[in-house]
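Asker: Just the structure for this:
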Amino acid sequence: MSPRPALAPLALLAALTATPALAAGDEGTADREAAAEAEIVTVAAQAAPQGAPAGSPLPFAFTKPVFDDTWATIGLGAGLVPSYAGSDDYIAFPLPLIVGRVGGVGISPNGPGFLIDLNPGKPGLVPQKGARVAFGPAFRFRNDRNVQIKDDVVARAGKLDAALEAGGHVGLVWRSVAKRLDQLSVGVQARWDMLGAHEGMVIEPQITYRAAVGRSFVLQAQASAEFVDDNFADYYFTVSPAQALATGLPRFRADGGLNRVGTTAILSYDLDRNPLNGGWGLTGVGGYSRLIGDSADTPYTRLRGDANQFILGLGLSYTF
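Answerer: Got it, this is the predicted structure:
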């Protein structure tokens, strides 16, 4: 599904955490621990004010990182997103955020929903050895064509019910792939509608790479796709005889399959330039996706909208 109000942009704000790549480490050797500690001291020394007297305390050397067994990031942003999947009209939408780790269980945003990682690894700065298997439940709330339909013709087709999709996710996560403490993850979600709206299934594979850029920035890049079944496609993209009469659009029967492909980029900035101590952060988001198959061919997209979908967002967060 293409980005829509309170859906894809919210997932993209996951990088609002000060340093997501630092939030979950795994088993390591004493050598790795010493190297990690040495790196903290080096970064702290680089961050010390120029001309500071010898022996002056470093800004955050030896400070316990905020990313321990329990931490959280809360935030709020605003995004410019399509009015509906396939629309060429854009609307502003508020984007709340919560992400973190509570009692050894990871929580991350998933559109207007969340993922729970039951195997997030050990917290800390030590690079993990090998791949970590991430898995757990996945939830998403879908409100496509439920609010703010700007196109009057599409609006006459009627509002759709909101859907709550629940299922699971599984993936592999590698650390320190191309540089120290970067992260590469490959995974897939499978979700089913639980509220009787589209009554269908969604499968969503994703590849994500995240790395620090300098001392203050974190860059995340993601490529994803979405496969849907016939029930999903029929609910969102079919133009029924009654809808054709109400809108003047031609009838159309949609089938499932590959629904969209897309890519996003997220750049996060730690406002005090200390990525270890939490605090305030700022994140910018940009994304593009392309509707494919019947989601692009439906009159809602082909005649009234555009298969090319864009998103733009900005958010502020606090990590503690």
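
Asker: CA atoms for contacts and neighbours, from now on please.
Answerer: OK.

Asker: residues in contact with the closest residue to Val173 other than its chain neighbours?
Answerer: Of all residues not flanking Val173 in the chain, Ser185 sits nearest, at 4.3 Å (Cα to Cα, 6 or more residues apart in numbering). Counting by Cα atoms under 8 Å, 6 or more residues apart in numbering, Ser185 makes contact with 171-174, 207-209.

Asker: Swap in 6 Å and give it another go.
Answerer: 172-173, 207-208 (Cα atoms under 6 Å, 6 or more residues apart in numbering).

Asker: same question, Gly171
Answerer: By Cα under 6 Å, 6+ apart, the neighbours of Gly171 are 133-134, 186-187.

Asker: quick check, nearest of those residues to Val213?
Answerer: Comparing those against Val213 with Cα to Cα places Val186 closest, at 21.4 Å.

Asker: Which helix or strand contains Val153?
Answerer: Per DSSP states H and E, Val153 falls inside helix 152-155.

Asker: Thought Gly248 was touching Val239, still the case?
Answerer: No. Using Cα atoms under 6 Å, Val239 is not in contact with Gly248; the gap is 10.2 Å.

Asker: Look at the two and report which has more neighbours.
Answerer: Val239 (22 against 13; other Cα atoms under 10 Å).

Asker: could you show me where the helices are in the stretch 151-300 of the chain, in order?
Answerer: For the stretch 151-300 of the chain, applying DSSP state H, counting those that start in this stretch gives helices covering 152-155, 230-237, 241-247, 294-297, 299-302.

Asker: what's the following helix or strand after the last one?
Answerer: Put plainly, it is helix 299-302. Note on helix 299-302: by DSSP H and E, the next helix or strand toward the C-terminus is strand 308-319.

Asker: Kindly spell out which helices and strands sit in contact with that following strand.
Answerer: strand 71-82, strand 279-291 (3 or more Cα pairs under 6 Å, 6 or more residues apart in numbering; DSSP states H and E).

Asker: will you turn these into JSON lines that also has mean neighbour count?
Answerer: As requested, the helices and strands packed on strand 308-319 are exported to JSON lines (neighbours: other Cα atoms under 10 Å):
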{"stretch": "strand 71-82", "mean neighbour count": "22"}
{"stretch": "strand 279-291", "mean neighbour count": "22"}
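
Asker: would you list those in TSV and tack on distance to Asn110?
Answerer: What follows is those, written out as TSV (distance: least, Cα to Cα, whole Å):
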stretch	distance to Asn110
strand 71-82	14
strand 279-291	15
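
Asker: so which of those comes closest to Gln222?
Answerer: strand 279-291 (9.3 Å).

Asker: Convert the C-alpha atoms of the closest one to CSV, please.
Answerer: Extracted C-alpha coordinates of strand 279-291, given in CSV (Å, rounded to 0.1, in the frame of the first residue of the first chain):
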residue,chain,number,x,y,z
GLY,A,279,17.6,14.0,25.0
TRP,A,280,16.1,15.9,22.1
GLY,A,281,16.4,14.9,18.5
LEU,A,282,15.1,16.1,15.1
THR,A,283,14.4,13.9,12.1
GLY,A,284,13.6,14.6,8.5
VAL,A,285,11.9,12.0,6.3
GLY,A,286,11.5,11.6,2.5
GLY,A,287,10.1,8.7,0.6
TYR,A,288,8.8,7.5,-2.8
SER,A,289,6.7,4.5,-3.7
ARG,A,290,5.1,3.3,-6.9
LEU,A,291,1.7,1.5,-7.0
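
Asker: Which strands border that strand, and is each parallel or antiparallel?
Answerer: Paired neighbours of strand 279-291 in the sheet (DSSP bridges): strand 257-270 (antiparallel), strand 308-319 (antiparallel).

Asker: could you redo these as CSV and give each row mean neighbour count?
Answerer: Output for the strands paired with strand 279-291, formatted as CSV (neighbours: other Cα under 10 Å):
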stretch, mean neighbour count
strand 257-270, 22
strand 308-319, 21
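
Asker: Out of these, which is closest to Val105?
Answerer: Of the strands paired with strand 279-291, nearest to Val105 by Cα to Cα is strand 308-319, at 16.7 Å.

Asker: now that closest one against strand 71-82, angle please.
Answerer: With axes from the mean of the first three to the mean of the last three Cα atoms, to 10 degrees applied, the angle from strand 308-319 to strand 71-82 works out at 160 degrees.

Asker: All further residue positions should be reported with the first residue as 570.
Answerer: Understood, numbering begins at 570; the last thing we discussed is strand 877-888.

Asker: What mean pLDDT does strand 877-888 get?
Answerer: Mean per-residue pLDDT for strand 877-888: 94.

Asker: gap between it and the chain center?
Answerer: Its chain's C-alpha centre and that of strand 877-888 lie 10 Å apart, by Cα atoms, centre = their mean, to the nearest Å.

Asker: Same check on stretch 701-712?
Answerer: Here the centre of stretch 701-712 is set off from its chain's centre by 11 Å, with Cα atoms, centre = their mean.
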